[in-house]
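Novice: Turn this into a model:
(3 chains)
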Amino acid sequence: MQDVNRRTFLTFTGLGALSIGALALTGCAPGTSGSAGGGGGAAAGTIRFAWWGGVDRQKAYIASLDSFSKSFPEITVEPEFGDYDAYQERMTTQMAARDVPEVFWIPSPQVLTYRDAGIYRPLDDIDALDLSAFTDAEIKLFQLDGELNTLPKSMFSPILRYNKTFLDQDGVTIPEKLTWEGLSELLIDYAKNNSGGHKGTTYGAYHDMPFESYLRQRGEDLWTKDGKLGASTESVAEWINWWETLRKAGATTSISEQDGIQPGWGDTGGKILMSFANSNHIVDEAPVFPDYEFDQRDLPAFADAEAGYHFTYYSRFAMYQGTEDDRVAAAAELMNFNLNSLDLLKLVGLSAGAPPSAKLLDSYESSASADEQKVIASTRDVATREQRARSEAPAGSGTWRDILVRELEGVTLGDRSVKDASKNFVSAVTSEIEKA
Amino acid sequence: MTALSDRGTIEPPESPPESTPAPTPAKKRRRGASHERQGWIAHIFLLPWMLGMILVTAGPLVASAVLAFTDYDLLTTPEFIGFDNFTRMAEDERFWAAVRVTLLYVVVSVPLQLGFALFLAILLDKGLRGLSLYRSAFYLPSLLGGSVAIAILWRQIFGDAGLINTALAFFGIEADSWLQNPDTAPWTLIVLNVWTFGSPMVIFLAGLRQIPEELLEAAEVDGAGRVRRFMSITIPLLTPIIFLNLILQMISAFQAFTQAHVVSGGTGGPLDSTLFYTLYIYQEGFRSFDMGYAAAMAWVLLIVIAVATGANFIASRRWVYYGDE
Amino acid sequence: MVIAHPTLDSLNPDLDEKKPPRRSNGRGKRLLRHIFLTIFALLMLYPLLWMVVSSFKPSNLILSQTGLFPSEVTTENYTGGWDALGTPFTTFLVNSGIVAVGSILGNLFSCALTAYALARLNFRGNKLYFGLALLTMMLPFHVLIIPQYILFAEIGWINTYAPLLVPKFLATDAVFIFLMVQFIRSIPRELDHAAMLDGAGPFRIFWSVILPLMQPALITTTIFTFIWTWNDYFGPLLYLTKTKLYTVPVALKSLVDTETQSGIGIMFAMSLVSLVPILLFFLFAQKHIIKGIATTGIK
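Specialist: Have a look, this model is predicted:
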């Protein structure tokens, strides 16, 4: 492998010089300003702000930006949004061209990919940034490898959600101390005996956050500190086996019924007693079935689960490395608004997760809807637990969920054994990471 | 020449093809004195295209060709790695899965779609009331394009509780989702492609309109039956348009992306059974950030399409009849 | 090719459909054809029908209650969808219209010139150019889009329609070059020669012989360009990031959240709204495709 310098590269390309040149340039010299300076000066200028989501979120954020521009008439915010896939496609292209919005959300599998690409601006030297809502310990938690270059915009944890209406119909109770084994029995029993012809759950082996919790309970990490896959082949196999047992016992919806490995809530939500989800999902998903009442609780755990397996996932956002110095203050104000504004929270609600600032959550509580109260309860519950440190997904791991889905397709279609699928999964994810 | 624009009453010196216009041997084109002069005139006509080639197309085209020999993650400087991307293809199972499903798609869906389009174009050509209504009805599916709505529509039809399975249940047959079975999933996409036969149909309709009524009538007077008239007049005169449609649909089938992307949610599943070639290129380029490999695959595809197109052009000399020959 | 004394029906497009069928075609056969076509049309249209029905269901019922007969009917998807992105949907329709019309003009202008030169003029490199033009159709756009984006970003064309329109005026849609070449090639060369004997140069021949005769190709190009640009998603997604500049497909796709699938009802409703202009356009263009060919007199 030989690194081509720019000159030979250009000569090589002939006609393509123009665009290739741009590629090489953008690759070598990220952005305009370094980390020096910034933070001073008046907060003014035009800031591009990028996020993803569906129609409700777009509405809420657009409305909130109106309120932002009332407080900061000197700052113009240009929103750039799309659905999750569109957002990433656009972001990728913009990153390749070094034409990135000043403030942007970070998709969870890309946190370190984006960092390795050098598009985060260090945040510790920006005076305008208001982190007073957080303790030093919290701020330390937000850092990536000791550097504060992203901030959490919201947080959530894996939970087990159940249909309270169904539960009451058949007089089922969930034991306070729930093990994986106990849950499995409960679901199988329910599917066999319930009066409504419901299933226990959807086939949910693809769920990333419960999977991570399962691994942590077994003393492993999904991602290790040094940027590798932490899951052992045995643990992956155990996880898949847990689901296979349910599926074969008829406790889950069939793959055909739920239209693939990744079921949609709208198709399946009315057919099942429980589902794994993130603590915030109830806000969007419960209203799809207005006739039912939903609630959520802590995940099951092994009797001998490793201490500190609970975790909070921080969904992050960042400032672009190439933000011009005279706009850094304005971009910081926009970040403050996202971190600390009760007005914004009232507009967007908790559908994307709880605010990382506990103070802000407290002041929001009185305006929270019934479903949002459940999010708050889960959030506070997890906050009281011991939490072992977790690492973000390393660069190159962005496709790990696709790989898992593919292997699960193989297992459920009878194309390969659980053992082989687990091996394939570990080796494919590992080789993707090594390639990056 | 003013007569031309005036509902042309033109009497060209050459006689029309006979009522059974077997492909006539190409007449020698008149070249010579005009050749040189036409050279620079041609380049005036070609000016916009050449500008487009140089300014818009060539750069990215050459760039992608160069990137095919690099390791390029979109975010850092490309690194030259020789033929590694190409040798990697040979061992890449997903690559071969993509090749298989794409070939199946091209070979099956193109003739089916063209046959459908031609059949309906003939049926819709003339002689019935309300034809333009029918035409629009048949064209509507094509207008939906790659809309997200298609994904949901397709589940309503081929899904577990979809239209087809509901119909089958009526006859006491139980079936699973056609989209979740790797054996049937590619076929649902073939059906989707055939369903959008509107584009080639419109081209066929335009072509049918060019066929002289007189020829057909003369043949009828000569006692030729419907089938014979169709086979020996309509079809031969339509060959340039059939050829055009064949090439266009073949290229677009090789590059089929949107439908598979939308219906499988971008995964190409189940088990890579709908992983169309360009969907794989997209996954490698935009999801795995491996634009070098994506570019290499793209150029392999270009070569395959070019060869297939070239072969078709050569074969076309045997069966396509042009009015300018 | 053929000496055309246009018959009555070729001059009047409306007659085309009222013309009595040939005598061999009995009433029964006609009825049979109608029945076949109607059944077939319904089959083709069922999915659309389902979409129409769904667009009048409350959003949460669309996926959980999939029958054709809704238990609840609402127009909230239409009323709520219109302003859902903080910009009225008419803006997106107008934007798409601008891009579509601009692209049509661009393609007609540039591809007709190119196709004429490639199909009719003798010069060195003719075949090479034609091959090159075809070649540009064969590379999947996913590997071109990023270098192209970088190019246009360098020029400063992001958030303008230029990256979508300028290439059309430079004949980058080789499909239409190919389409027009094929149509021109089926026009008898003798017409050119006759004009040449009258002293017409290539420009006159192009303008007064070829252009009028290739109307079907021009109209086909118009139809396809309209529909393709109307449905084009990836280009506008990348080049137009301001909501006010969004085209219809970009707006539609930002309505639905991939994870929760909220907003599906609105997306259906607005998809149907955006189908109306294309449908009208198609009906209109269809009329002209017939008329256009009829008036050229090449029969």
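Novice: Tell me who's in contact with C:P236.
Specialist: Listed by CB atoms under 8 Å, 6 or more residues apart in numbering or on different chains, the contact partners of C:P236 are C:99, C:164, C:246-247, C:249-250. C-beta here means a position set from N, CA and C on the backbone, and glycine is covered the same way.
Novice: May I see the residues you listed arranged in JSON lines, with distance to A:F302 and pLDDT as well?
Specialist: As requested, the contacts of C:P236 are exported to JSON lines (distance: CB to CB, whole Å; pLDDT from 0 to 100):
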{"residue": "C:V99", "distance to A:F302": "58", "pLDDT": "95"}
{"residue": "C:L164", "distance to A:F302": "56", "pLDDT": "95"}
{"residue": "C:Y246", "distance to A:F302": "50", "pLDDT": "93"}
{"residue": "C:T247", "distance to A:F302": "52", "pLDDT": "93"}
{"residue": "C:P249", "distance to A:F302": "48", "pLDDT": "88"}
{"residue": "C:V250", "distance to A:F302": "47", "pLDDT": "90"}
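Novice: With just CA atoms, put the helix or strand hosting A:A50 into PDB.
Specialist: Using DSSP states H and E, A:A50 falls within strand A:45-52. The C-alpha trace of strand A:45-52 is given here as PDB (Å, rounded to 0.1, in the frame of the first residue of the first chain):
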ATOM      1  CA  GLY A  45     -24.200  34.900  11.800                       C
ATOM      2  CA  THR A  46     -25.900  32.100   9.800                       C
ATOM      3  CA  ILE A  47     -25.700  28.600  11.400                       C
ATOM      4  CA  ARG A  48     -26.700  25.400   9.600                       C
ATOM      5  CA  PHE A  49     -28.300  22.900  11.900                       C
ATOM      6  CA  ALA A  50     -28.900  19.300  10.800                       C
ATOM      7  CA  TRP A  51     -31.000  16.600  12.500                       C
ATOM      8  CA  TRP A  52     -33.100  13.600  11.500                       C
END
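Novice: Show me the subset of the contacts of C:P236 that also lies near chain A.
Specialist: Among these, the ones lying near chain A by CB under 8 Å from any CB of the partner chain are C:V250.
Novice: any idea how far A:R390 is from the nearest residue to B:E79 once chain neighbours are set aside?
Specialist: Closest residue to B:E79 apart from its sequence neighbours, by CB to CB, 6 or more residues apart in numbering or on different chains: B:D71 at 4.6 Å. Noted for B:D71: a distance of 30 Å to A:R390, by CB to CB, to the nearest Å.
Novice: can you tell me which residues contact the residue nearest to B:E79?
Specialist: Contacts of B:D71 (CB under 8 Å, 6+ apart): A:1, B:78-79, B:81, B:84-85, B:290, B:292.
Novice: Dump those into CSV; add neighbour count and distance to B:P60 as well.
Specialist: As requested, the contacts of B:D71 are exported to CSV (neighbours: other CB atoms under 10 Å in any protein chain shown; distance: CB to CB, whole Å):
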residue, neighbour count, distance to B:P60
A:M1, 9, 25
B:P78, 24, 14
B:E79, 16, 20
B:I81, 18, 21
B:D84, 16, 22
B:N85, 24, 18
B:D290, 25, 18
B:G292, 28, 15
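Novice: Between which two of those is the distance greatest?
Specialist: Greatest spatial distance among these (CB to CB): A:M1 and B:D290, at 14.7 Å.
Novice: give me the element whichever residue of the stretch 51-200 of chain C sits closest to chain A is part of.
Specialist: Nearest to chain A in the stretch 51-200 of chain C, going by CB to the nearest CB, is C:L63, at a distance of 3.1 Å. Under DSSP H and E, no helix or strand contains C:L63.
Novice: So the residue lying closest to B:Y277 once chain neighbours are set aside: helix, strand or coil?
Specialist: Once flanking residues are discounted, B:Y277 sits nearest to B:T102: 4.3 Å by CB to CB, 6+ apart. Here B:T102 is recorded as helix under DSSP: H, G, I helix; E, B strand; the rest coil.
Novice: Report the contact partners of B:T102.
Specialist: B:253-254, B:256, B:276-277.
Novice: What is the burial count for the residue of the stretch 201-350 of chain A found nearest chain C?
Specialist: In the stretch 201-350 of chain A, the residue that lies nearest chain C is A:G266 (3.1 Å; CB to the nearest CB). Per other CB atoms under 10 Å in any protein chain shown, the neighbour tally for A:G266 reads 23.
Novice: thinking again about what came up before, ok, the strand holding A:A50 near chain C or not?
Specialist: Yes - for a cut-off given as CB under 8 Å from any CB, strand A:45-52 has contacts with chain C, namely A:R48.
Novice: Show the residue spans covered by the strands in chain A.
Specialist: Counting by DSSP state E, chain A has strands at residues A:45-52, A:75-82, A:103-105, A:150-156, A:158-163, A:274-278, A:294-297, A:313-319.
Novice: Any idea which of those gets closest to A:D325?
Specialist: strand A:45-52 (10.4 Å).
Novice: Which residue, other than its chain neighbours, is closest to the closest residue to chain A within the stretch 151-299 of chain C?
Specialist: Nearest residue of the stretch 151-299 of chain C to chain A, counting by CB to the nearest CB: C:D257, 2.6 Å away. Sequence neighbours aside, A:G54 is the residue nearest to C:D257 in space, at 2.6 Å (criterion: CB to CB, 6+ apart).
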